[in-house]
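> output the structure for:
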Amino acid sequence: MKEPRQAPDSQSTVLRPPIERAREIIRHESLALNGLAEALDETFDKAVSILLNCSGRVIVSGVGKSGIIGRKIAATLLSTGTPALFLHPTEGVHGDLGAILPDDVVILISNSGESSETMGLMPAIKALGAKVIAITGRPDSSLAHAADLVLACRVEKEADPHNLIPTASTAAQLALGDALALVVLEQRGLDKDDLAIRHPGGAIGRRLTLKVSDLMTPAPDDPRVRLDETFREALFELTAKRLGAVSVVDDGGSLAGIITDGDIKRLLERFEKEKRSIDALMDTGVADIMIPNPKRITESTRAIDALRFMEGHQISQIPVVDSQGKVVGMLRLLDLVKAGM
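Take a look at the predicted model:
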């Protein structure tokens with residue numbers, strides 16, 4: 001194994017173990033974020049107000065690492081209900097400034113506040129009449145002086161030993177952008193349904209849009225027996241449908257009870273202990289062995305809410321009913337897990 005090389009600095013300090021250094025870097029950035037949180041003032045409230053009152057879109061721009069963060073901020077704003085897009089400064093000064101309209105708000109990101117590419121957008125933005133919010137680590141910079149509002153995003157030092165590589169500063173920019181997007185989301189009063197519309201695909205979409213009716217085993221494939229039937233019919237239905245439980249319904253189709261695999265196992269053990277015959281067990285009415293008035297869930301319930309309900313009550317199967325209480329299917333915890341809930 002090679003000996004660790006020495007750090008390329010004047011003191012020739014031996015490099016620390018990687019995991020130790022990694023923890024130090026993460027803690028450094030964490031402290032930078034704590035400092036940012038403490039430094040927030042009423043300017044942040046004004047920025048939120050500007051975004052809430054924006055009748056156009058939010059245009060986010062920045063170059064280099066700040067540009068990468070800007071793309072993420074624009075994407076987060078867009079996915080949380082604020083019309084937004086990212087504009088690269090170089091492309092902007094070469095014809096794409098037509099994307100900016102007078103009713104828009106432009107967020108310009110530059111740690112130094114002196115980026116020539118970013119500052120090159122300013123005359124045209126001012127001429128168009130759009131408001132400018134600057135996110136910068138230097139409130140005394142050219143960008144800050146030219147902006148309508150400045151969100152100070154200072155960090156004492158980057159995480160690298162030479163204080164050159166954007167690390168703590170970009171972490172702070174990203175956190176500040178997330179804070180803006182989420183506070184605006186909450187101020188707009190958007191709920192899960194609004195988010196679901198904006199996230200129809202992927203894990204977020206599944207968690208927000210899938211209903212119990214999308215995942216349950218519907219009638220007539222769900223296991224069920226009538227209230228006047230016997231254990232024999234319940235066992236046959238349970239074995240044939242293989243969902244781990246059978247619903248017991250009355251003449252009108254409403255849920256009266258449930259019999260699970262676990263109930264049958266306990267029933268068999270009881271009959272064996274009492275030395276009762278299998279025939280007697282088979283002829284026992286389901287009304288005498290079912291769990292009456294069991295937990296149930298409606299077909300319109302959000303799947304993620306069904307998961308929480310079933311986990312909270314330690315239920316592996318649950319009958320699904322419609323708005324009138326009639327059984328329309330059976331849902332398994334396994335169905336929710338397979339769906340990525």
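
> what's the helix or strand for Leu85?
Using DSSP states H and E, Leu85 falls within strand 84-86.

> how does the chain divide into domains?
Listed by automatic domain parsing, the domain ranges of the chain are 18-190, 212-338.

> ok, back up a step: next one: the strand holding Leu85 to chain centre, how far?
For strand 84-86, the gap between its own C-alpha mean and the chain's C-alpha mean amounts to 21 Å (CA atoms, centre = their mean, to the nearest Å).

> do the same with stretch 115-135
Centroid separation for stretch 115-135 versus its chain: 33 Å, with CA atoms, centre = their mean.

> report the buried residues of it.
Neighbour counts using 16 or more other CB atoms under 10 Å place 115, 117-119, 121-122, 125, 130-135 of stretch 115-135 among the buried residues. C-beta here means a position set from N, CA and C on the backbone, and glycine is covered the same way.

> now the end-to-end length of it.
Across stretch 115-135, the straight-line distance between its terminal residues is 12 Å, by CA to CA, to the nearest Å.

> repeat for stretch 283-300
Taking CA to CA as the criterion, the two ends of stretch 283-300 lie 37 Å apart.

> residue ranges with poor pLDDT in the protein?
1-13, 95, 190-209, 341 (pLDDT under 70).

> mind listing the strands for it?
Listed in chain order, the strands of the chain (DSSP state E) span residues 58-62, 84-86, 105-109, 131-136, 149-152, 217-218, 224-226, 245-249, 255-260, 291-292, 297-298, 317-321, 327-332.

> need these in JSON lines (columns: distance to Arg270).
Formatted as JSON lines, the entries for those read as follows, by distance: least, CB to CB, whole Å:
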{"stretch": "strand 58-62", "distance to Arg270": "67"}
{"stretch": "strand 84-86", "distance to Arg270": "64"}
{"stretch": "strand 105-109", "distance to Arg270": "69"}
{"stretch": "strand 131-136", "distance to Arg270": "69"}
{"stretch": "strand 149-152", "distance to Arg270": "69"}
{"stretch": "strand 217-218", "distance to Arg270": "29"}
{"stretch": "strand 224-226", "distance to Arg270": "20"}
{"stretch": "strand 245-249", "distance to Arg270": "18"}
{"stretch": "strand 255-260", "distance to Arg270": "14"}
{"stretch": "strand 291-292", "distance to Arg270": "15"}
{"stretch": "strand 297-298", "distance to Arg270": "29"}
{"stretch": "strand 317-321", "distance to Arg270": "21"}
{"stretch": "strand 327-332", "distance to Arg270": "25"}
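
> about what we covered before: got the contact list for the strand holding Leu85?
Applying CB atoms under 8 Å, 6 or more residues apart in numbering, the external contacts of strand 84-86 come out as 57-61, 67, 70-71, 73-75, 77-78, 99.

> so which of these sit within helices?
Within these, residues falling in helices by DSSP state H are 67, 70-71, 73-75, 77-78.

> buried among these? Need that as a selection in ChimeraX.
Selecting the buried subset of the ones in helices among the contacts of strand 84-86 in ChimeraX, with 16+ other CB under 10 Å as the burial test, is done by:
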select :67,70,73,74,75,77,78
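
> how about the ones in helices among the contacts of strand 84-86 in JSON lines, adding distance to Ile318?
As requested, the ones in helices among the contacts of strand 84-86 are arranged in JSON lines below (distance: CB to CB, whole Å):
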{"residue": "Gly67", "distance to Ile318": "49"}
{"residue": "Gly70", "distance to Ile318": "46"}
{"residue": "Arg71", "distance to Ile318": "43"}
{"residue": "Ile73", "distance to Ile318": "42"}
{"residue": "Ala74", "distance to Ile318": "42"}
{"residue": "Ala75", "distance to Ile318": "37"}
{"residue": "Leu77", "distance to Ile318": "39"}
{"residue": "Leu78", "distance to Ile318": "37"}
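
> any idea which of the ones in helices among the contacts of strand 84-86 is closest to Asp305?
For these, the residue nearest Asp305 by CB to CB is Leu78; the value is 26.3 Å.

> next, work out how far apart Gln314 and Asp250 are.
Going from Gln314 to Asp250 by CB to CB, to the nearest Å gives 27 Å.
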